[in-house]
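# Below is the sequence, then the predicted model.
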Amino acid sequence: MSEVTEAGPLWAALAPVALLALATVGAAVAHTQAARARGEAALSGVGLPFVESARLLRQRRRVTVAADRVLWQVAIGGLPVVAVLMAVVVPVGPVVLVDSPVGVVWFNAMDVMLWALWWLAGWGPNSAHSLMAGHRFLGLALAYELPLMFALTSPAIAAHSLRVADLAAAQQGLWFAVWMPVAFLVFLGAAVAFASWGPFAVAAHADLAGGVLAETSGVDRWLVLVGRHLVLAAAALMAVPLFLGGGAGPLLGPVAWTVVKAVVVLAGLELVAGRVPLVRPERFAEVGWMVLLPATVLQMLVAAVVALGGAS
Amino acid sequence: MTEVVFWVAAVVSVAAGVAVFRTDSMARATYALAASFVAVGVILLAFDLDYLGVIVILMMIMEMAIMALFMIMLMGMNPALMPMSMVHSKRTATAIAVVVFLGLATAALAIPWPGRSGAPAADLTRSLGEAVMGSKMLVMLTISPVLFATIVGTLVLGHPRDRYQRYGDDLDRARPDDPIEGGVGR
Amino acid sequence: MTGWMGIAVALAAALALVCLARFVARARGPRRDPVTVLPFQSGHAPVEHAMSRYHARWYPLTLLFLAFDVEMLFMYPWAVVVAAIGTAAIVEMFAFLGVLLAGVVWAWREGVMRWV
Amino acid sequence: MGVTRIRRGVHVLTSTAADGVLVRLAAERAVRTLGWVLAWSPADADVLVVCGTPEGAEADAVERVWQQLPGPRARVRLDDPQDVSDALVAAAAALEDRAAQEGLAHDADMVAQMSTQGGEDMDHAGMDHEDMDHGDMDHSGMNHDQMDHSHMDHGGMSTGGPAGIPLAEGASKDRDDLEMDAWHVVLGQGLPGWPAGLVLRVELHGDVVTDLLVLAEPTPHGRRDTPVQAALLLDAAASVLDLAGWSLAASASRRARDDVMEGRDPAEVAPRVERLARRMRRSVLLRWSLEGPRRRTTGDAPSAGHLVRSRAIGLLEAAGSMLTAPERGAPAQRPYDLDDLPALAVGQELATLRLLVAGLALDARVAADV
């Protein structure tokens, strides 16, 4: 079994800040793409996450009539928190915050938390647009969740473990992304979906006046938007040990490689926004169940057969 | 440490369970129940049952998210904005609850539980997997037809449009007659 | 249990950060209390409250999902031991999945993945 | 005008009256050049730009949207495309004015107190709402039996829920034989990509449209002169693309629109527009997302998704050909009209209705083609 050391509680306390830094890079990438599409100069979007943060932090909060403020606040504050919890099981090079023997399942459990949070963010404001958006997210979640679970299982089969560090260590020589492309792509797609981003931004889209964001302003809105980029960052970070060989790589150390790979994946996830049309849940349901589900099951079969070959 | 976590989680779990019946909102009731289950999951984690604890959290959040949907859809009243009672047949329910609680509590306290003999396996998830594939194989083999039957049974009862409605009485329509088109055809 | 300590600390730190953001916003913003508004309906008074018996058009799909999803309980432990146990484990699990997938295909023919 | 000192990233919500469409184009162009962003809802906005002169019920609606901006907030009303940049810069300055913002926050609280008192003073609040809705309806020229129906809804208000807003009530059996609440959403100004002047009241079961009522129809105001008409078509195409989620393509369409309005050589813009149309035609994902997986055959009944896609491509093609050969005039054909909306949208998701409305390109409609 691979050797990772658990970082102390002080590092765990810094984890949210570190993830926030990664998410800021992601947000800068997304803002730059949008700014360039509007015709602004290259790199003009780099400062926009900060401009936007400053704007939202001095904007007044707003509540709607007869809103369920408790559940609304649970959703708003929950998004960034769950994103952090998602990331704690990911080893960065030789250190990890929580060396859980079931890290993969933990990640899965946290992504399921997002079901509840996006829906609650839609329910809370007592507003037609956001309520529809919250429900629409659940409709999409039913289609991506099972393929995602199988995509998470495939590397675990190959590594004979659910411990994330073991998964990274099992890829000496060949990355899982190379010989498990289906699982890798489904994982990335699901990451975009549970962050409600890009083609899967069904919970927060223009056709419902911003969906769950339709009534949210000020620091509340900031937390939701930051939470979404944090979720993308956590998923990108997780992709590294799951599919991209963890910290393995020449010259740079394992920590640097983990960060570099995560940034590349994150940039890819962020750049998908706006490049392809919205995938509506009523279309995607059948694709998830009739195409992606069998495909990921076959992927798992391949992983199992290869793992068996390797073991005997 | 384990004891602290246990007691905190236990209190949260019971408090959230009480909250289920004290609120006027289907959404709050459902998510209070979810919180209660999460606390139970934390208790399992405190007992070093890693896989079981995490999977309880995972499954229960998922199931409660879906249950909220049905609570809101199918209860015959406004799901949040009117006073409502979350309890039914109070007297019977109270009686059953008290009897069961007393029974279980008596059993818990009165039975001379044996001490632990031997140590638990190093990797419980692995031994769970081995059990499922080995000695408890029968469970798995039974569950698969049961789940299949569940799929067919619930959908026969719950799905409003079967294939005859979609393809006509002789199933001879080239394309299904669905109100909103899907993503894969047929 | 020891390993989960990190989670508790990270959770506390994340919550603290959320509170910090709220604190900063309170300190910088024009008003501390939120403004109460009617929900956005393009400048019209809402006809009804949005919280209502919402008709989710995909509820049949939830039934299929719930049944299929139970199988994940077995999947994760199985994934750990499949290489050690060998061919038998693969055959058994994929037979199990095959039965469920047959249910999925049947559900597809019934139009369960369509919005009703 | 001291461009360097202007705040970046201000979010702007536009509200457009019948005579304000060209002002809106100018405003959106200015928003883009300032590095600002168009908002999707009042909660998202710092500045409300009212284009043209809203009257009657529309003015009331603008007022209510204005009260829904969280603040710091600023409002500008524009009649002349020439004034746009200066007005926006002034609005940005107003956002920094602490004293003024304090006053506006106070206003918002007063309004909130009035509109949420319904709980205690239900009849009065109920009357207020009814009066306002009534105002909308008078202006709309809609049919009368449905007005009665909406009266009945409001009649239920005295037994209604919190804040004097009624609770949704049971619909008759739905197409799947279940009985759940039907509810209503008013779609109008302030929504992204929404045409000026149009107000719809939609009855929904879940998010599926079951009934549709036109509360106010826009008056045609588009212009026949080719560069402006081409810009309006590009604008409509951008709206469809935005709602379909393809925001980079929407941005490209908007930039072409702005270039046309700035008087850039049409021969230079036209190839970009044609390229965009080609990309849309070729996008498998757009076709699948809007139309579904099937290729249509000639015998098929027109489906909403198919109409939206062909219409959006048609808008770009028409704009392209107007730019290359202005003398040929407007070839744009509308495959469906406002009157066809109920037939197309009822039974579909609300998102489909939004796309259908954007595809109508009502802002580009000229009086003669009604």
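It's in. Just so we're clear, the structure is a prediction, and the values are computed from it rather than from any experiment.

# can you give me the strands for the chain?
This is for chain A. Chain-ordered strands for chain A, with DSSP state E as the definition, fall at A:5-6, A:62-64, A:95-96.

# not quite, I wanted chain D
Ranges of strands within chain D are D:11-16, D:37-38, D:47-51, D:74-78, D:169-170, D:181-187, D:199-205, D:208-216, based on DSSP E.

# before we move on, what about chain B?
Along chain B, no segments are classed as strands by DSSP E.

# does chain C sit close to stretch B:64-80?
Yes: if you take Cβ under 8 Å from any Cβ of the partner chain as the test, stretch B:64-80 does meet chain C, through B:I66, B:L69, B:F70, B:I72, B:M73, B:L74, B:M75, B:G76, B:M77, B:N78, B:P79, B:A80. The C-beta positions use only the backbone N, C-alpha and C, and glycine is treated the same way.

# Generate a PyMOL selection restricted to the buried subset of those residues.
When burial is assessed using 16 or more other Cβ atoms under 10 Å in any protein chain shown, the buried subset of the residues of stretch B:64-80 next to chain C is captured in PyMOL by this command:
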select buried, chain B and resi 66+69+72+73+78+79+80
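
# Now the residues of stretch B:64-80 next to chain C in TSV, please, with extra columns for distance to chain A and pLDDT.
Supplementary listing: these in TSV, determined by distance: Cβ to the nearest Cβ, whole Å; pLDDT from 0 to 100:
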residue	distance to chain A	pLDDT
B:I66	8	95
B:L69	7	93
B:F70	12	93
B:I72	9	91
B:M73	10	90
B:L74	15	87
B:M75	15	83
B:G76	19	76
B:M77	16	81
B:N78	11	83
B:P79	9	86
B:A80	6	83
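
# For chain D, which residue gets nearest to chain A?
D:G245 (2.7 Å; Cβ to the nearest Cβ).

# what sits against that residue?
For D:G245, the contact set (Cβ atoms under 8 Å, 6 or more residues apart in numbering or on different chains) comprises A:P199, A:A201, A:H205, A:A206, A:D207, A:G274, A:V276, A:P277, A:L278, A:V279, D:S289.

# Count the neighbours of the third one for me.
Right, the one you point to is A:H205. A count of neighbours around A:H205, defined by other Cβ atoms under 10 Å in any protein chain shown, yields 28.

# Name the nearest residue to it, ignoring sequence neighbours.
With sequence-adjacent residues excluded and distances taken as Cβ to Cβ, 6 or more residues apart in numbering or on different chains, A:H205 is closest to A:G211, at 5.5 Å.

# before we move on, what about C:L11?
Here the nearest residue to C:L11 in space, its sequence neighbours aside, is A:L85; by Cβ to Cβ, 6+ apart that works out to 6.3 Å.

# Please verify my assumption that that neighbour contacts C:V9.
No: counting by Cβ atoms under 8 Å, A:L85 stays clear of C:V9, with 11.2 Å between them.

# where do the helices sit along chain D?
D:21-33, D:57-67, D:84-96, D:98-116, D:122-140, D:144-155, D:226-243, D:247-261, D:266-282, D:284-291, D:304-324, D:341-345, D:350-360 (DSSP state H).

# try chain A
Applying DSSP H to chain A gives helices spanning A:9-37, A:48-57, A:69-87, A:103-123, A:128-159, A:164-169, A:176-179, A:181-194, A:218-243, A:254-271, A:281-287, A:293-311.

# give me the number of residues near the closest residue to chain B within the stretch 251-370 of chain D?
Nearest residue of the stretch 251-370 of chain D to chain B, counting by Cβ to the nearest Cβ: D:G292, 3.8 Å away. Burial measure for D:G292: 23 neighbouring residues, criterion other Cβ under 10 Å.

# Need the helices of chain D in JSON lines (columns: mean neighbour count and mean pLDDT).
Compiled in JSON lines, the helices of chain D are given as follows (neighbours: other Cβ atoms under 10 Å in any protein chain shown; pLDDT from 0 to 100):
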{"stretch": "helix D:21-33", "mean neighbour count": "22", "mean pLDDT": "92"}
{"stretch": "helix D:57-67", "mean neighbour count": "21", "mean pLDDT": "92"}
{"stretch": "helix D:84-96", "mean neighbour count": "18", "mean pLDDT": "91"}
{"stretch": "helix D:98-116", "mean neighbour count": "15", "mean pLDDT": "86"}
{"stretch": "helix D:122-140", "mean neighbour count": "17", "mean pLDDT": "38"}
{"stretch": "helix D:144-155", "mean neighbour count": "13", "mean pLDDT": "39"}
{"stretch": "helix D:226-243", "mean neighbour count": "27", "mean pLDDT": "91"}
{"stretch": "helix D:247-261", "mean neighbour count": "24", "mean pLDDT": "93"}
{"stretch": "helix D:266-282", "mean neighbour count": "17", "mean pLDDT": "92"}
{"stretch": "helix D:284-291", "mean neighbour count": "19", "mean pLDDT": "91"}
{"stretch": "helix D:304-324", "mean neighbour count": "24", "mean pLDDT": "90"}
{"stretch": "helix D:341-345", "mean neighbour count": "18", "mean pLDDT": "91"}
{"stretch": "helix D:350-360", "mean neighbour count": "26", "mean pLDDT": "93"}
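
# still on that earlier bit, now the residue nearest to A:H205: how far from chain B?
Using Cβ to the nearest Cβ, to the nearest Å, one obtains 17 Å as the distance from A:G211 to chain B.

# Those residues of chain C touching chain D, which are they?
C:30-31, C:35-38, C:40-50, C:52-57, C:115-116.

# again, 6 Å this time
Chain C has residues C:30-31, C:35-38, C:40-49, C:52-57, C:116 near chain D, with proximity defined as Cβ under 6 Å from any Cβ of the partner chain.

# again, but for chain B
With the criterion set to Cβ under 6 Å from any Cβ, chain B comes near chain D through B:N78, B:L81, B:P160, B:P179, B:E181, B:V184, B:G185.

# farthest-separated two in those?
When Cβ to Cβ is used, the two most widely separated members of these are B:L81 and B:G185, lying 41.8 Å apart.

# Output the residues of chain B next to chain D in CSV, with distance to D:V37 appended to each entry.
Output for the residues of chain B next to chain D, formatted as CSV (distance: Cβ to Cβ, whole Å):
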residue, distance to D:V37
B:N78, 37
B:L81, 35
B:P160, 43
B:P179, 37
B:E181, 34
B:V184, 37
B:G185, 39
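
# with the residues you listed in mind, which one is nearest to A:H160?
Lowest distance from A:H160 to the residues of chain B next to chain D (Cβ to Cβ) belongs to B:V184, with 34.8 Å.

# ok, how many other residues are close to the nearest residue to that closest one once chain neighbours are set aside?
Leaving aside its chain neighbours, B:V184 sits nearest to A:E286 (4.0 Å; criterion: Cβ to Cβ, 6+ apart). Applying the criterion other Cβ under 10 Å, we find 24 residues in the vicinity of A:E286.
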